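Engineer: Here is my input, please return the structure:
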Amino acid sequence: MLKSAGALLSRAFSTVPLEAKAFSDTLCLPKTAFPLRPDPTKNEALYRSRTCEELYRWQRKNVHGPEFVFHDGPPYANGDLHMGHALNKILKDIINRFALLKGRKVHYIPGWDCHGLPIENKTLQELGKDSSTVPPSSIRAAAHAVAIREISSQKEQFRQFGIMADWDDDASTYRTLDHSYEMRQLRIFEQMVTNGLIHRRYRPVHYSPSSRSALAEAELVYKENHTSHSVYGTFVLDLPSAMSVLGTANLSLSGPIQLLVWTTTPWTLTANMGIAVHPEMVYILVRRTNDSSLTLIAKSRLEALEDILGPIEILAELKGVDLVGLHYHPIFSSLCDFEPPPMRILGSSHVTPESGTGLVHCAPAHGEEDYKLFRSYDLISGTQSPSTLESNCLICHVREGMFSKEVSDVVGSAAAQTLVEQPVLEEGSRTIVELLKRAGRLLAVKRYTHKYPYDWKTDKPIIVTATSQWFANLDRIKDEALEALKDVQFYPDQSRNRLESFIKSRSEWCISRQRVWGVPIPALINTKTGDAMLNRDSLRHIMNVLEEKGVKYWWQGPAEEFLPPHTEATDAGEWEKSTDTMDVWFDSGTSWSMLDPPVPSEGKLFRADVCLEGSDQHRGWFQSQLLTAVGSQPQAISGPNNKSRSPYGTLITHGMVLDEKGKKMSKSLGNIVSPLTILLGGIDKKKDPAYGADLLRLWTASVEYNNDMSIGRTSLVQTAEAMRKIRNSARFMLGNIGDGKAMEGFERVERKDMGLIDRFVMHELYMLETTALKGYEEYDFAKVTAALVNFANITLSSLYFDITKDCLYANSFHSIERRAVITVLEKILNTMTSILAPILPHLAEEIHEHQSHFTTTAQKTSFFHKKWKTLDPEWEDHAAAKDMSSLLKIRKAVLGLLEKARGNKRIKSSLEAGVDIILSDEGMNHPVAELFKREEQMLKTLFITSDASLIDKGSLESSTQSLEWVYTEWLEVENDLDALGIRVRAASLDKCPRCWTFSRQPDEDTCTRCADVLRSL
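Structural biologist: As a prediction, the model looks like this:
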């Protein structure tokens, strides 16, 4: 920093006029190799391996603190990563890196969900064929290859986000298609069977015609603007029931009585098994003026139905209970080949006066409430198969989303020809409307916009229809699961209610899917009876076979090989293997089984310390983990003294990433923001520059991720500006501290020897660290980044860096004032690096490398090898903060007056000015006045002027007369202190050519300070 000192000293005391450049080598100007604006794509690559794969492996071997287990929810191995992936993995990495800095050994195994519809669909798309034309074995082989390829691609993309994990070692990642994983999953399933939780039922489920598979609630999305063609149809009471109504109403009339119903799913009318009324509601019998027909409706719905019924005459009122037990003719009975038996009116509390007609068409094969109602009346069995011919069998004419040939039993053989094989949501519904017209049972058709479930993967509407599926009984374990959640922490707090409400509302979990690519449900089906064999004995045998030959052998081996040894030989040919596969939520939901069980005696209460996923996982992975963990606990060890534990101790939820306008990203809207474009840049680098991973990470840590958040060019530019401030702050400090070994042998200054400004900045640093630690511990990263950026902008850039440059550059290298500043800068740099490291690991490594001055590659260590060393509490100094608060109010006023002088061309630089603080005689002993007196020598530094002094109000007028120009302002600092005066004037001395302050006596070459420095060189 100091060159040619002898020659410059000689010139400084010569009579030759001096130029400022002559002193440049005597100044302690900042010098660092830390680049100002590096290319992030190249710069980050220098540190990526060190701070990602190598770091993860190093800490697994060398960190001996308590283990921190972060359990990764597996993304689908399907396609390029999107912003949701980036947000998710970066948030997880921030948490892991903070845990490591706090001395914990991180256990983080990234995973992939490899089965199910998304990958099967992608496979078929690439094959260019429909599933019905490709052998299942070919689909499985191709799907396996697709999943492996997609995992490899996604793995390389995840690396670029700067995620600390051992991506290279297969043992340090997991895939749900691996044999060991599938066997663990099947063992959990086996235990749930043993616990009596798994059963097969023919009952209504969510079914996706577009996916040709049953779906769980978690696989649905509800669209608010779905439009249905609803119908108002009429059923007719049979004669005895009509006479009963007329008798109850004391009416001496005759003629059929119609029951008016309304439905948004006209295709379900073929499966009608009853009509529900509310026993306590009031119903009215009306006569329609236009055709004299008699119709029953709820009294509360009369006004809403005026346009449907037309002019009417009210004949009588009846209670709903008067209608319960009456019978009516099926709606398509006039089209049938034979006279069908009448149906029954049932009482039910699920009938409401808010919509419809007050009479509800019930099709238990196509509605959960209808199904429960009929089960409560014991009108249907829950264990039957579709081939059962009992009288209490569900009526269902839908197979794979289309009408089956059995519909002829209801509409007659002639009408059935127009229905069979028609999709119920499309042509099938339209045909039903035409048949209602033909039967004379259609009163009106109306378009109705409402909320409706869609398949979340195909974005097509689903139906509810009866199929034979495997279910997990949740009624038996939901209370235990809810009890286990009491020990779990939720971020945000309200997400607890969301997860608990989903669990409370479920009684069963449909775990079977009609997909080719998945883990099999190892049941054997009797070809004669349709009964399924799935019990502890059959599974024990099957599991032994699969363990030896692989899970895929289920699809390849003969059914006879899977029959338990006790099966009679004569029965062997009557069995076939089930082709159902498990719900992918069961796949990923059993991933907790990879983790070591809790050891309460050692303080380890959960398998995983933390899980973090999107808010949709309250219906998915969060729930399926809990339910499989509780449901597979051996019954022998369950009970009040052996309470089930959640597999996770903390659940964190994040929202969705939206575009800049707050809209959901989609290809059709063309508003997708790709994380790789942010990292590497777009086609037009001016519009979409390469920002690098750290900037994407800073954006992630800056948003309120618990809610939905927006990203776009504007927010990225703003984040880039925050990144620039942080980076420039680090560069300024490195430049003044010096790279590498500059601090070796440096004599640091203790707190007691520091000035007020240095102590104040250290107090602010201490408060920043306290805020950051609290933010990290509460997973509030926006609090961390806001505090960090504010500190860099306000405390450092706008204050401390600005006012200490004169001292840093012009003071003696070894002066206590300069050493104090360097001591503070070193502490700031170390603490700021610790604070930013979990969020900006590449920048942390870069700062660490420049600060450490590694001479060989072998010497290079990661910043994360050291624990976060927090500041000593001695730096918390509220007295210094209070004093500086008073001084900063004055500084703000001074800067305003200086700006006025600059605007009026009085000065160019604030160093051309001096400042006088004017105190009244009465206020000279006030604590604030005492503060000014105590810190008088520091005021010019604070104001960045060449001099600053205190004067009394009495001498103000005489001293002003000799000044070329002045700007004065009076302000109140405290209530009990008379107004302070501030006067800005021209500096009283000449400019020093070395330090540029106006502090040189006219007959001297430099100011006194600079002369002393030059003599010491």
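Engineer: Am I right that Trp470 falls within a strand?
Structural biologist: Yes. Trp470: assigned to a strand according to DSSP: H, G, I helix; E, B strand; the rest coil.
Engineer: now it: how far from Gln514?
Structural biologist: For Trp470, the distance to Gln514 equals 11 Å [C-beta to C-beta, to the nearest Å]. For glycine as for every other residue, the C-beta is placed from the backbone atoms N, C-alpha and C.
Engineer: Would you map the strands across the stretch 551-700 of the chain?
Structural biologist: Applying DSSP state E, counting those that start in this stretch to the stretch 551-700 of the chain gives strands spanning 575-577, 581-582, 608-614, 648-654, 657-658.
Engineer: CSV for these, including mean neighbour count and mean pLDDT?
Structural biologist: Shown next, in CSV, are these (neighbours: other C-beta atoms under 10 Å; pLDDT from 0 to 100):
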stretch, mean neighbour count, mean pLDDT
strand 575-577, 17, 92
strand 581-582, 24, 95
strand 608-614, 23, 96
strand 648-654, 22, 96
strand 657-658, 22, 94
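Engineer: Tabulate the ones you listed (TSV), appending distance to Phe746.
Structural biologist: Conversion of these to TSV gives the following (distance: least, C-beta to C-beta, whole Å):
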stretch	distance to Phe746
strand 575-577	76
strand 581-582	64
strand 608-614	41
strand 648-654	43
strand 657-658	46
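Engineer: Which of these sits closest to Gly401?
Structural biologist: strand 581-582 (18.7 Å; C-beta to C-beta).
Engineer: Show me the contact partners of that closest one.
Structural biologist: With contacts defined as C-beta atoms under 8 Å, 6 or more residues apart in numbering, strand 581-582 is touched by 115-116, 185, 189, 511-521.
Engineer: which one among those gets closest to Thr431?
Structural biologist: Using C-beta to C-beta, those come closest to Thr431 at Gln514, 25.4 Å.
Engineer: thought that closest one was touching Leu215?
Structural biologist: No. At 10.4 Å, Gln514 does not count as touching Leu215 under the criterion of C-beta atoms under 8 Å.
Engineer: which one of the two has more residues nearby?
Structural biologist: Taking other C-beta atoms under 10 Å, Gln514 and Leu215 do not tie; Leu215 has more neighbours (22 against 17).
Engineer: What ranges does the stretch 501-650 of the chain have for its helices?
Structural biologist: Taking DSSP state H, counting those that start in this stretch, the helices of the stretch 501-650 of the chain run over residues 536-549, 553-556, 584-589, 621-631.
Engineer: any chance of the ones you listed in a markdown table, plus mean pLDDT, distance to Ile503 and mean neighbour count?
Structural biologist: Listed next are these as a markdown table, based on pLDDT from 0 to 100; distance: least, C-beta to C-beta, whole Å; neighbours: other C-beta atoms under 10 Å:
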| stretch | mean pLDDT | distance to Ile503 | mean neighbour count |
| --- | --- | --- | --- |
| helix 536-549 | 95 | 26 | 16 |
| helix 553-556 | 96 | 31 | 15 |
| helix 584-589 | 95 | 13 | 26 |
| helix 621-631 | 95 | 6 | 26 |
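Engineer: With distance to Gly603 added, can I get these in JSON lines?
Structural biologist: Listed next are the helices of the stretch 501-650 of the chain as JSON lines, based on distance: least, C-beta to C-beta, whole Å:
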{"stretch": "helix 536-549", "distance to Gly603": "34"}
{"stretch": "helix 553-556", "distance to Gly603": "41"}
{"stretch": "helix 584-589", "distance to Gly603": "26"}
{"stretch": "helix 621-631", "distance to Gly603": "20"}
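Engineer: gap between Arg1000 and Leu1017?
Structural biologist: With C-beta to C-beta as the criterion, Arg1000 and Leu1017 are 18 Å apart.
Engineer: Give me the more crowded residue out of these two.
Structural biologist: The neighbour comparison of Arg1000 against Leu1017 (other C-beta under 10 Å) goes to Arg1000, with 22 against 16.
Engineer: residues touching that one, list them.
Structural biologist: When contacts are counted by C-beta under 8 Å, 6+ apart, Arg1000 touches Leu989, Asp990, Lys991, Cys992, Pro993, Thr1006, Cys1007.
Engineer: Am I right that the last one is in contact with Ser999?
Structural biologist: Yes. A contact is recorded between Cys1007 and Ser999 when judged using C-beta under 8 Å, the distance being 4.2 Å.
Engineer: Check the contact lists of the two and give me the overlap.
Structural biologist: Listed contacts common to Cys1007 and Ser999 are Leu989, Cys992; contacts here mean C-beta under 8 Å, 6+ apart.
Engineer: Find residues that contact each of Trp470 and Gln514.
Structural biologist: Asp580.
Engineer: center of this structure - which residue?
Structural biologist: By C-alpha atoms, centre = their mean, the chain has its centre lying nearest to His654, at 2.1 Å.
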